[in-house]
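Trainee: okay, here's the prediction I keep looking at, along with the sequence it came from:
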Amino acid sequence: MADSAAPAHTAKTVYHSVANTHPVKVAASGVEVFYADKQALHGINLDIQDRSVTAFIGPSGCGKSTFLRCINRMNDTIDTARVAGSIRIDDEEINDRAVDPVLLRARVGMVFQKPNPFPKSIYDNVAYGPRIHGLASGKDELDAIVETSLKKAGLWDEVADRLDQPGNSLSGGQQQRLVIARAIAVNPEVILMDEPCSALDPIATARIEELIDELRENYCLIIVTHSMAQAARVSQMTAFFHLGHLVEYGPTEEIFTNPRDRRTQDYITGRFG
Amino acid sequence: MQLSLITALALLVLTAVGFLAGRSRALALAEKDGSRLHSLPGYHGYYVALWAGLPGFAVLAAYALAGTMIVNTIVLDRMERAAEPLQARYELALANDDIWSEAEREIARLDDEMAALRGEAEQVIAAEGVQSDAVEALRARQDELQFAQDDARFTRDARANTIAGDIIQAVPEAGDHALARAGFEFARLPVQEREVFLADARALAFGDGLASRDTPELRATAGALQPVHSAIAWGACLGALGLALAGLAFARTHLAVRFRARNRVEWVISATLALASLIAILTTLGIVFSLLFESLRFFAAIDWRVADFLFGTQWSPQTAIRPGQIGQSGSFGAVPLFAGTALITLIAMMVAAPVGLFAAIYLSEYADSRVRAWAKPALEILAGVPTVVYGFFALLTVGPLLRDFALFLGYEDAVTQSALSAGLVMGVMIIPFVSSLSDDVINAVPQSLRDGAYAMGATKSETIRHVVFPAALPGIVGALLLAVSRAVGETMIVVMAAGQAANLTANPLESVTTITVQIVTLLTGDQEFNSPKTLSAFALGLVLFVLTLILNIIALRVVQSYREKYD
C-alpha cells in the first residue's frame, strides 16, 4: 500500500495510508470477474479490516456489487460468471476448490438491496440458518439464538409477541432488520450488505445505519451504497470503484475531504455518476 | 334478406359519411374559432360515425333476431281469430257425438284401472321381488289394459278426425275462409308438427327452402305471411336508415371546439369491452341453465328421488319401453360412477403430481439452458398427443401388461380393461399440465429469495425445499387442481381402457366407469330425448359441473389464503 500521488485516469489504484488499528480480515489480490466474455472487474487488490465498516461507492455498473458477491462466492450461482484471482479470509483462500461455498456462506453473511424474508414466520426466518447448519442442539438453545439475533438487529421489542407471524407482514424497514437478524443468527465473521437501505424510507434508513454502527463492535462489515452521505456516516474505510477498476481506497474521512484521483473527486462532488 | 343487406351497406356508407362530416365540421369549427379543439378532429369524426351507425345497426340486428318471430306471431294470431267459429262448431260436435264421448270415458276408466294395478304391483314387488311369477302375471294384465287403451285412443282420434273433416268440408276454400281453415288445421296439429307447418308456409311464401306439402291451407297461410313480412321488413330497414340519418344530424349539432368527443368515444369503447365479457358470462349462464332444466326433467322422471340418484349404489339405466311398465323403472344410483371417477383421478394424480412436479423442479432449477431448451418442448409434446392415441396405448399396451403382471403375481381375476391402466395412462397425459404450469410458477419466484437462502449457506435442494417450494405453493396447488379437473373431465382414455361396467369397487384391477363415459354412452346412438335414461346424462353433467366448480372454488380459496401469508 504505497502512499503515492498518482496522476488522474490511470488503471493504478490510489491507496491512502491507513492506521492499522484492526487486523486485516479480507485480503483480495488480482480479482477479476467475467460475465460470459465481458470483463466486469479488473485486477482488484484490497485489504479490508476486521471490526470496521468498509463502504464501496461508485456509479452504477462499476463492479462494486460484483466484487461484494465474490467475497461469499455468490457469483457461483450465476452460470456465466467466472472469477479469477485470490481472496483470503483470515489467510484462508476462499476460491480454493477445497472450500465448500455452502460453509463459506455461513461465515460470510449477506443482506440484499430488497428485503427478502423467506415465506415463513418471523421465528423460522431467523432460525433457518441455525437449523440447516445444526448450530442449536435443542428448542431452548434455538429460542435463545433467535432472541439474541433479533435483539442484536434491534427488532426484538417490535416482534417479541408475534414471532409466529409471516416475515412478510412486517414493514420494509423491519423486514430488512429481520434479514439482518437472520444473517447474524449463524454467527458470521463478515457481513456483506448490498445497498441495504435503497428500498427504505429515511426513518428506516436511519435505524439500519444505527444498527450497522452497533454491529461494527463484533463483525467485519462491507457495505455497497449509492448514497455518499451514508458512506460518510457509517463507514471507516471507503473504496471507490469505476468501470470495473478500484480507483481509490482509504479512510473515509480522507476520501471525502481529500480525494487524490480526479474521478473520485468528480464523483463525490457530484460531477458524474 | 336482400333488402336488409342493402340497408346494412347503406348504414356502412352513412357511418363513413358521418366520420367525414364530423371531422370536417370539427376542423371548420377550429378554424373559425381560432382555438385548439379539445379532442383531435378524428375523435369528432368517430363520435358522429358512432351516432350514425350504432342505432341503425341495433334496429337491424333486432329485426334479424326477432323479425321472423314477430311476423309468425301476428299471422298466427290472425289465423286463430279467423278459425274461432270453426273451433266452436267442432267442440260442440265432439260433445254431441256418442262414439267420441264413449271412447273418452273408456280411456279415463282404463287409466284409473292401470293406476290401481301399479299400486298393487308395488306391494307385490316389495313382498316378492321383481323376478316373481306374481309380478309376471301383473305385467301381462298391464299389457292387456294398455292395448285396450290404445284401441280406445285410436277410435277417439279417428272419430275426431272425421268430425273435423266434415266441418272443414262445409267451409268454402276461397278468401278469408281459407285462412279460417288454415287456423283450424293448425290448432289441431300436435306441437311438434306446428314447426313443420310454419316452415312449409314460409317456404311457399318466400321460397326459402322446399315445402314438404302444398295444400290450400298452407297457401292461405303463406298468403297471410307475405304482406305482414314485407311491412315489418320495410319498417325495420327504413327505421334503421331514418335513425342513422337522425343520429348523424343530432351528433353533428353537438360538435363544438370544447366538446369532449375523445371522452365520449372512450365511453363507447369501454361499453363494447364490457359487452364482450357479458357475452362470455351469459353464455356460461345459458349452459348452466340448459343443464339445470334437463336435469330437472330427469329428476321429475324419476319422481324426485334425488337422494337415490346421488347416493344409490346401483347404476343400470335401462328403462321401460312404455311409461309406467312394471318392474322396469331403471336404476339410477350414481355412486359407482362417482367412485370410478374418483378412483381413476386418484391413480392419475398419483402419477402426474410427483412426476410433473419433479420434472418442473429439474427443468427450472437444475437443468442448464441447453437441456431446458429441448427438454421443455419435448415434455410439452405429450400434451399434444390426441387422447384417442393415449386410449390405444392404454388398451393395447398398458392394459395387457398390467393384466399379465397381475396374473403373474397370482391375482386370478385380472382383466385388460382396468381402472389402473386407464389411470396410469391418464396420469402420463396430464404430466405436462402439472410440469408446465409448475415450471412457470417456480420461475416466477423472485431470484432474491433464492439468493437469500444461498447467502445463508443453504444448498440447492435445501433452497428449493425450504424457500422456493413454499413460495410457489399456491401456484403449484392451482396447477394440481387444474390437472384434477382435467382428469375428472377426461373421457376418451377411460372409454377405451377402463371398460363400461358400473362396478362399485376400490380395486384398481377391476373395470370401472366414470361420469363422462356414461354421459357418452347414454347420449350416443339412437336415443329418445324424453326417456329418463337419456335425461340422466344431463343430471350427470350437472353433477360433473358442480364438482369441478367446487374444485375451482377450493383452488381459489387455497391460493388466496397462501397469498395472504407469503406475498
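Mentor: Good, I have the coordinates.
Trainee: what's the nearest residue in the stretch 51-200 of chain B when you look at chain A?
Mentor: Relative to chain A, the nearest point of the stretch 51-200 of chain B is B:Leu54 (49.2 Å; Cβ to the nearest Cβ). For the C-beta atoms, the positions are set from N, CA and C on the backbone; glycine is no exception.
Trainee: elements contacting the helix or strand encompassing B:Arg262?
Mentor: Secondary structure from DSSP states H and E places B:Arg262 in helix B:261-301. Helix B:261-301 sits against helix B:41-96, helix B:532-566, with contacts defined as 3 or more Cβ pairs under 8 Å, 6 or more residues apart in numbering or on different chains; DSSP states H and E.
Trainee: in JSON lines: those helices, plus mean neighbour count.
Mentor: Output for these, formatted as JSON lines (neighbours: other Cβ atoms under 10 Å in any protein chain shown):
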{"stretch": "helix B:41-96", "mean neighbour count": "18"}
{"stretch": "helix B:532-566", "mean neighbour count": "17"}
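Trainee: just to revisit the earlier point, surely the residue of the stretch 51-200 of chain B closest to chain A and B:Gly247 touch.
Mentor: Yes - assessed by Cβ atoms under 8 Å, B:Leu54 is found in contact with B:Gly247 at 7.5 Å.
Trainee: would you mind listing what in the stretch 1-150 of chain A touches chain B?
Mentor: Within reach of chain B by Cβ under 8 Å from any Cβ of the partner chain, the stretch 1-150 of chain A has these residues: A:72, A:74, A:77, A:79, A:102-106, A:109-110, A:112, A:114, A:116-120, A:128-129, A:132-133.
Trainee: can you pull the contacts of B:Thr7?
Mentor: B:56, B:60, B:237, B:240-241 (Cβ atoms under 8 Å, 6 or more residues apart in numbering or on different chains).
Trainee: adding pLDDT, write those residues out as a markdown table.
Mentor: Below are these laid out as a markdown table (pLDDT from 0 to 100):
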| residue | pLDDT |
| --- | --- |
| B:Gly56 | 93 |
| B:Leu60 | 92 |
| B:Cys237 | 93 |
| B:Ala240 | 94 |
| B:Leu241 | 94 |
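Trainee: closest to A:Leu200 out of the residues you listed?
Mentor: B:Gly56 (60.5 Å; Cβ to Cβ).
Trainee: where does pLDDT dip in the chain?
Mentor: Reading this off chain A. A:1-11, A:20, A:272-273 (pLDDT under 70).
Trainee: oops, I was thinking of chain B
Mentor: Scanning chain B for pLDDT under 70 picks out B:1, B:175, B:318-330, B:561-567.
Trainee: give me that answer again for 50
Mentor: Within chain B, the segments meeting pLDDT under 50 span B:567.
Trainee: and the closest residue to A:Met237 other than its chain neighbours, how far is that from chain B?
Mentor: Of all residues not flanking A:Met237 in the chain, A:Thr54 sits nearest, at 4.4 Å (Cβ to Cβ, 6 or more residues apart in numbering or on different chains). Remark: distance between A:Thr54 and chain B (Cβ to the nearest Cβ, to the nearest Å) = 18 Å.
Trainee: quick one: A:Thr54 is in a helix?
Mentor: No - the assignment for A:Thr54 is strand, going by DSSP: H, G, I helix; E, B strand; the rest coil, so no helix is present there.
Trainee: list the contacts for it?
Mentor: Counting by Cβ under 8 Å, 6+ apart, A:Thr54 touches A:48, A:220-223, A:235-239.
Trainee: likewise for B:Ala458?
Mentor: So B:Ala458 contacts A:102, A:128, A:132, B:466-467 (Cβ under 8 Å, 6+ apart).
Trainee: out of those, who's nearest B:Ala307?
Mentor: For the contacts of B:Ala458, the nearest to B:Ala307 is B:His466 (48.1 Å; Cβ to Cβ).
Trainee: ok, the closest one touching B:Arg450?
Mentor: No - with contact defined as Cβ under 8 Å, B:His466 does not reach B:Arg450; the gap is 10.9 Å.
Trainee: now do the helices in chain A.
Mentor: A:64-71, A:101-107, A:122-133, A:139-152, A:156-159, A:172-184, A:202-215, A:228-234, A:252-257, A:262-268 (DSSP state H).
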